[in-house]
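Novice: For reference, the sequence and a predicted model appear below.
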Amino acid sequence: MGRIVVIGSYNRDTVLRVARLPQPGETMAAIGMARFHGGKGSNQAVAAARSGAQVAMVAAIGADAAGQGALDLWSAEGIDARRVARDGALPTGEAMILVDDAGENEIVVLAGANAALAAPPREAFDGAALVVAQLETPVATTEAAFAAARDMGATTLLNAAPAQALPANLVAATDILVVNETEAARLVAGAGAPAVLAAALAPRLRGGVVVTAGAAGAIWAGHDASPVTVPAPMVAVVDSTGAGDAFIGAFAAALAAGLDPAAAMRRGVVAGALACGKAGAVPSLPDLAGILAAGG
């Protein structure tokens with residue numbers, strides 16, 4: 001099992017359950033509230049660790065109770081947090097999440113200390129097989145970290161979420177891109193089936209691209225093979241928050257363990273499906289035993 005370094009965000013999530021998602025300008029009553037650990041970077045690090053990988057976290061948190069909660073989480077999950085910075089001027093990131101009775105969600109994020117994350121020194125990537133990042137922390141930080149990671153022999157994986165335009169330098173520094181259908185369509189400036197979107201994006205990457213398609217599973221496209229589709233198992237959806245992060249963590253852990261992209265995607269889609277069966281991001285992230293038992 002290779003070592004994974006995750007560069008990314010930590011947020012404290014406040015989840016409000018609603019019967020349906022509100023319309024613009026509408027005020028409605030919540031029917032429940034809970035607080036969870038969140039942030040794409042942290043979620044993916046936890047998902048990878050639970051999937052059996054050795055994981056290190058590179059993040060920025062505030063010198064506040066939420067930040068201490070993050071450190072406690074990573075310690076409990078066996079994640080190396082020595083490269084996590086504590087910012088005395090900015091708060092730990094926060095996210096407000098609305099989840100309806102169908103399991104759909106809407107999310108608003110306050111970056112806080114995440115916006116001040118700086119690239120770690122090169123030695124942070126010593127021995128890393130895979131370096132994973134998202135777009136909830138500064139793009140310039142990810143570019144610098146990916147360049148250093150490649151110099152140290154690591155493969156780079158970018159989850160281009162939340163959706164936004166990608167600078168050419170970041171694309172050039174990315175080996176594997178993982179996006180959902182909406183993010184993929186934005187990057188190619190056009191709609192299409194997931195396999196079409198994956199094939200359009202693949203030539204831009206040194207390694208390949210994964211387009212996740214929810215209940216339809218995920219598609220891998222590389223340079224030297226036809227796109228591969230892996231279907232997802234059927235599950236009863238309770239809360240889809242964290243499903244994408246469960247996919248990334250399990251997929252990354254499988255790649256770091258030496259599995260090929262199709263086999264790694266299988267673990268990812270099973271992990272993502274299982275994550276839909278529980279409320280909250282971190283509580284829903286499955287472990288490797290659960291993923292394998294469900295066919296991953």
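Specialist: Received, thanks.
Novice: following the helix or strand where residue 141 lies, which helix or strand comes up?
Specialist: With elements delineated by DSSP states H and E, residue 141 resides in helix 139-151, which encompasses its position. Elements were assigned by DSSP H and E; along the chain past helix 139-151, the next helix or strand is strand 155-159.
Novice: Name the residues of the least confident helix or strand in the chain by mean pLDDT that are buried.
Specialist: Here the helix or strand of the chain ranked lowest by mean pLDDT, DSSP states H and E is helix 194-201, holding a mean of 84. Residues 194-201 are the ones in helix 194-201 that count as buried (16 or more other CB atoms under 10 Å). In this view, the C-beta of every residue, glycine as well, is placed from N, C-alpha and C.
Novice: Check stretch 178-196 too.
Specialist: Taking 16+ other CB under 10 Å as the criterion, stretch 178-196 shows 178-181, 183-188, 194-196 as buried.
Novice: mind exporting that stretch as PDB, just the C-alpha atoms?
Specialist: Only the C-alpha atoms of stretch 178-196 are listed here, as PDB (Å, rounded to 0.1, in the frame of the first residue of the first chain):
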ATOM      1  CA  VAL A 178     -11.900  13.100 -11.200                       C
ATOM      2  CA  VAL A 179     -15.100  15.100 -11.900                       C
ATOM      3  CA  ASN A 180     -18.800  14.500 -11.800                       C
ATOM      4  CA  GLU A 181     -21.000  15.100 -14.800                       C
ATOM      5  CA  THR A 182     -21.700  18.700 -14.100                       C
ATOM      6  CA  GLU A 183     -18.000  19.500 -13.500                       C
ATOM      7  CA  ALA A 184     -17.000  17.600 -16.700                       C
ATOM      8  CA  ALA A 185     -19.600  19.400 -18.800                       C
ATOM      9  CA  ARG A 186     -18.300  22.800 -17.600                       C
ATOM     10  CA  LEU A 187     -14.700  21.900 -18.400                       C
ATOM     11  CA  VAL A 188     -15.500  20.800 -22.000                       C
ATOM     12  CA  ALA A 189     -18.000  23.700 -22.400                       C
ATOM     13  CA  GLY A 190     -20.700  21.300 -23.600                       C
ATOM     14  CA  ALA A 191     -23.200  18.600 -22.500                       C
ATOM     15  CA  GLY A 192     -23.000  15.000 -23.300                       C
ATOM     16  CA  ALA A 193     -23.200  11.400 -21.900                       C
ATOM     17  CA  PRO A 194     -20.600  10.700 -19.200                       C
ATOM     18  CA  ALA A 195     -18.500   8.500 -21.600                       C
ATOM     19  CA  VAL A 196     -18.400  11.300 -24.200                       C
END
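Novice: Show residues contacting that stretch.
Specialist: Under the contact criterion CB atoms under 8 Å, 6 or more residues apart in numbering, stretch 178-196 has outside partners 157-161, 163-166, 197-198, 200-201, 209-214, 216, 218-219, 221, 227, 229, 244, 247-248, 251.
Novice: Show the buried residues in those residues.
Specialist: Members of the contacts of stretch 178-196 that pass the buried threshold by neighbour count (16+ other CB under 10 Å) are listed as 157-161, 166, 197-198, 200-201, 209-214, 216, 218-219, 221, 227, 229, 244, 247-248, 251.
Novice: so which strand or helix has the residue most central in space within the chain?
Specialist: What sits nearest the mean C-alpha location of the chain, by CA atoms, centre = their mean, is residue 245, with 3.7 Å. Per DSSP H and E: residue 245 is located in helix 243-256.
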